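Novice: Got a predicted structure plus its sequence, pasted below:
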Amino acid sequence: GQDRTQTHLFPISLDQSIAKDNEVRLIDLFVDSIDLNDFGFKVDFQENGRPAYRPSDLLKLYIYGYLNRTRSSRGLEKESKRNIEVMWLLRCLSPDHNTISNFRRDNPKAIKKVFRQTVQLAKYFNLIGGNLLAGDSTKLRAQNSKKNNFNQKKVERHLAYIENKLSEYENALAESDGDEKKTILQEIEKQTDRKKEYQNIERQIKQTGQPQISTSDSDSRQMITRNNITEVAYNIQTTVDAENNIPIDYKVTNANDSKAMGNMLQRAKSILRSNQFTALYDKGYHTGSEFSIADRLGIETIVAIPGVAAQAPNPLYNVENFRYNKQEDYYTCPQNQKLKTNGKWHKARTYLFKRYTTKACANCSVKNQCSKAKCGKAIQRSEHQDLIDKNRQRVNQNQSYYKRRQAIVEHPYGTIKRQWGFDHIMTKKGMTRASSDVGLLMTAYNLRRLINIVGIKALIKWAKQLLSYFLELMELLGLKLAKIRTWFLSENK
């Protein structure tokens, strides 16, 4: 090594310290090639204070941080003072961590538009096929512990415990004196305050009608992450193109998957400007109303079929073994008996259905194998059953096609959660802020994917050409404005 006290006659510049094919140069060119003025970035600016940082500088800092596994504002502030690549990227600017944090907090929509630019860049290099998409979701833990998540039963359990404790303290108070009495009074006051807190939470649950309340991050919900393990989390819906496993859309939610497919398909149609694609989903998305939306959009879906909810004592008499006659609207059971309907539509929680029964069940020899109900077998046919049956046919005809789903859509999750270690939401206080965090995650993932497929040199070359073209346009515009100004002044004279 070199002597640390030795002076150098010809010290190299900051630019010479960064290799020509360093990805930090691509981040710089990529952000500069975007017209951020139309994206709606908000900037903190005090009238008599220092000038505000440009959105482009803070965006460059965040993209660099997420690509290099640094997401916290304090961590990025530290990097800006010690990391030579960040010093080059920001031209030795060093924003405060509050400024960095506020930028992410205030710009979820603008960050979404930056993500869209990475999708457009992938389209430019013909990396988006647009023929086969896969959709799924992943849970990212929120900044809210299970202890600070409540439902009605949990609140009632806590209140019952407190009431029991207060009763014990009241009994002990009658038999105590002196210092012991003072200690018991303090405990009673403490438990009374806790009781008021839980009563306020209970009141909030009843007023909002929400099944859960999270006190640290209000929009987060306790969800099953795998098997019977639960976490207070957000559910991130994504749509991934099969050509190169590149996400084209994401949405942060706090609900399960059952009602998510229709909206994600509508967004995919808008992004691709086409409905000529097939979408693959797992059984969590198997919902009649969502099939109806897909049919209305003209999009073909292949959704895995969940297990039968109501099993017959003998599987041979499950509903799927009953034949349906669409023309005459009746079912035929394996014993060749007809189950008919009176034509009346009944209302379930989210859909309408008809009920099919037969009086032959009363004297049927296999009734105990078919149904445990006293009145015999009853079949409920949903208003969406025709679409559900069509999906079943597509699944049976495209088994090998569907098997590709997991390899397509799980690819980004594996990289983001396992390789990068981003298994939680960095922000707090709401879904909107969480969306900013996920937007930067997806932007970083797409850029990393592009670097791996296209190569850093080709991307830098493209960015330089685009930037050069943009600067030429600005110069021509400047000349045109100068001519207009000269003409306007001469006319005034």
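Specialist: Done, it's in. Residues are numbered from 1 along each chain as shown.
Novice: Model confidence for the closest residue in space to Ala312 that isn't next to it in sequence, exactly?
Specialist: Once flanking residues are discounted, Ala312 sits nearest to Asn318: 5.2 Å by Cβ to Cβ, 6 or more residues apart in numbering. Any C-beta I mention is one placed from the backbone N, CA and C, and that applies to glycine too. Note for Asn318: predicted pLDDT of 86.
Novice: The one 3 residues further on now?
Specialist: Asn321 carries a pLDDT value of 86.
Novice: so how many other residues sit close to it?
Specialist: Other residues near Asn321 number 12, with proximity taken as other Cβ atoms under 10 Å.
Novice: Just read off the phi/psi values of it.
Specialist: Torsion angles at Asn321 (phi, psi; degrees, to the nearest 10) stand at phi -90, psi 0.
Novice: Which residue is the nearest non-sequential neighbour of it?
Specialist: Nearest non-adjacent residue to Asn321, counting by Cβ to Cβ, 6+ apart: Pro334, 5.8 Å away.
Novice: Let's verify the one you found: helix, strand, or coil?
Specialist: coil (DSSP: H, G, I helix; E, B strand; the rest coil).
Novice: which residues in the chain form strands?
Specialist: 132-141, 149-150, 213-214, 221-226, 229-241, 246-253, 278-281, 300-303, 323-325, 330-332, 338-340, 346-347, 352-356, 379-382 (DSSP state E).
Novice: ok, now which ones touch the spatially closest residue to Gly40 that is not a sequence neighbour?
Specialist: Leaving aside its chain neighbours, Gly40 sits nearest to Ala110 (5.0 Å; criterion: Cβ to Cβ, 6+ apart). The contact partners of Ala110, by Cβ atoms under 8 Å, 6 or more residues apart in numbering, come to 36, 39-42, 55.
Novice: Please repeat the previous calculation with a cut-off of 10 Å.
Specialist: By Cβ atoms under 10 Å, 6 or more residues apart in numbering, the contact set of Ala110 is 36, 38-42, 55, 59, 103, 436, 439.
Novice: Could you do Arg392 as well?
Specialist: Per Cβ under 10 Å, 6+ apart, neighbours of Arg392: 286, 303, 305, 320.
Novice: for Leu29, same thing?
Specialist: 459-467.
Novice: Would you mind splitting the chain into its domains for me?
Specialist: Here the domain assignment for the chain is 14-128+430-479, 146-214, 315-384, based on the TED database.
Novice: ranking these by burial, who's on top?
Specialist: Mean neighbour count (mean count of other Cβ atoms under 10 Å) peaks for domain 14-128+430-479 among the domains of the chain, with a mean of 17.
Novice: That one: end-to-end distance?
Specialist: For domain 14-128+430-479, the first-to-last residue distance is 34 Å (Cα to Cα, to the nearest Å).
Novice: Tell me what the residue lying closest to Phe353 once chain neighbours are set aside is bridged to.
Specialist: Excluding the flanking residues, the one nearest Phe353 by Cβ to Cβ, 6+ apart is Gln380, at 4.5 Å. Beta-bridge partners for Gln380, by DSSP bridges, are Arg355.
Novice: right, and out of the contacts of Ala110, which lies closest to Arg296?
Specialist: Checking the contacts of Ala110 against Arg296 with Cβ to Cβ, the nearest one is Gly439 at 28.7 Å.
Novice: And the residue nearest to the closest one when sequence neighbours are not counted, how far from Arg194?
Specialist: Once flanking residues are discounted, Gly439 sits nearest to Ile111: 3.9 Å by Cβ to Cβ, 6+ apart. Going from Ile111 to Arg194 by Cβ to Cβ, to the nearest Å gives 40 Å.
Novice: mind listing what the residue nearest to Lys377 when sequence neighbours are not counted touches?
Specialist: The shortest distance from Lys377 to any non-neighbouring residue, by Cβ to Cβ, 6+ apart, is to Ser371 (4.4 Å). Residues near Ser371 by Cβ under 10 Å, 6+ apart: 310, 312-313, 317, 361, 364, 377-378.
Novice: mind checking the end-to-end distance for stretch 282-291?
Specialist: Terminal residues of stretch 282-291 are spaced 13 Å apart (Cα to Cα).
Novice: Off-centre distance for it?
Specialist: Centre-to-centre, stretch 282-291 and its host chain are 18 Å apart (Cα atoms, centre = their mean, to the nearest Å).
Novice: Tell me where the model's unsure across this protein.
Specialist: Low-confidence segments of the chain (pLDDT under 70): 8-11, 44-50, 178, 308-310, 470-471, 493.
Novice: remind me, longest helix of the chain?
Specialist: In terms of residue count, the longest helix belonging to the chain (DSSP state H) is helix 456-492.
Novice: And it, what does it pack against?
Specialist: Packing contacts for helix 456-492, counted by 3 or more Cβ pairs under 10 Å, 6 or more residues apart in numbering; DSSP states H and E, involve helix 23-32, helix 108-124, helix 431-454.
Novice: sorry, back to before: mind checking which of the contacts of Arg392 are buried?
Specialist: Using 16 or more other Cβ atoms under 10 Å as the burial test, those include 286, 303 as buried.
Novice: I'd like to know which of the contacts of Arg392 is nearest to Ala407.
Specialist: Val303 (17.1 Å).
Novice: was I right about that closest one contacting Arg394?
Specialist: Yes. With contact defined as Cβ atoms under 10 Å, Val303 and Arg394 form a contacting pair (8.6 Å).
Novice: Can you work out which residues contact both of these two?
Specialist: With contacts defined as Cβ under 10 Å, 6+ apart, the residues adjacent to both Val303 and Arg394 are Tyr402.
Novice: Nearest residue to Ser17 in space, ignoring adjacent ones along the chain?
Specialist: Ile84 (5.7 Å).
Novice: Oh, that last question was meant for Asn368, not what I typed.
Specialist: What sits nearest to Asn368 in space, not counting adjacent residues and going by Cβ to Cβ, 6+ apart, is Pro313, at 6.5 Å.
Novice: Now the phi/psi pair for the one you found, please.
Specialist: Main-chain dihedrals, Pro313, degrees, to the nearest 10: phi -50, psi -40.
Novice: Can you report how many residues lie near it?
Specialist: The number of residues packed near Pro313 is 13, by other Cβ under 10 Å.
Novice: Could you pull up the residues touching it?
Specialist: Pro313 makes contact with 366-372, according to Cβ under 10 Å, 6+ apart.
Novice: taking these one by one, which sit in helices?
Specialist: If you go by DSSP H, the contacts of Pro313 have 367-370 in helices.
Novice: Save these as a markdown table, and put in distance to Leu387 too.
Specialist: Listed next are the ones in helices among the contacts of Pro313 as a markdown table, based on distance: Cβ to Cβ, whole Å:
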| residue | distance to Leu387 |
| --- | --- |
| Lys367 | 32 |
| Asn368 | 34 |
| Gln369 | 31 |
| Cys370 | 27 |
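Novice: between these, which is nearest Ser73?
Specialist: Ser73 has its nearest neighbour among the ones in helices among the contacts of Pro313 in Cys370, at 63.2 Å by Cβ to Cβ.
Novice: OK, contacts around the closest one?
Specialist: Counting by Cβ under 10 Å, 6+ apart, Cys370 has contacts 312-314, 316-318, 322, 333-335, 361, 364, 376-377.
Novice: can you rerun that using 6 Å?
Specialist: 312, 317, 377 (Cβ atoms under 6 Å, 6 or more residues apart in numbering).
Novice: Export the contacts of Leu29 as TSV, with columns for distance to Arg116.
Specialist: Formatted as TSV, these follow (distance: Cβ to Cβ, whole Å):
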residue	distance to Arg116
Leu459	17
Ile460	21
Lys461	23
Trp462	17
Ala463	17
Lys464	22
Gln465	21
Leu466	16
Leu467	19
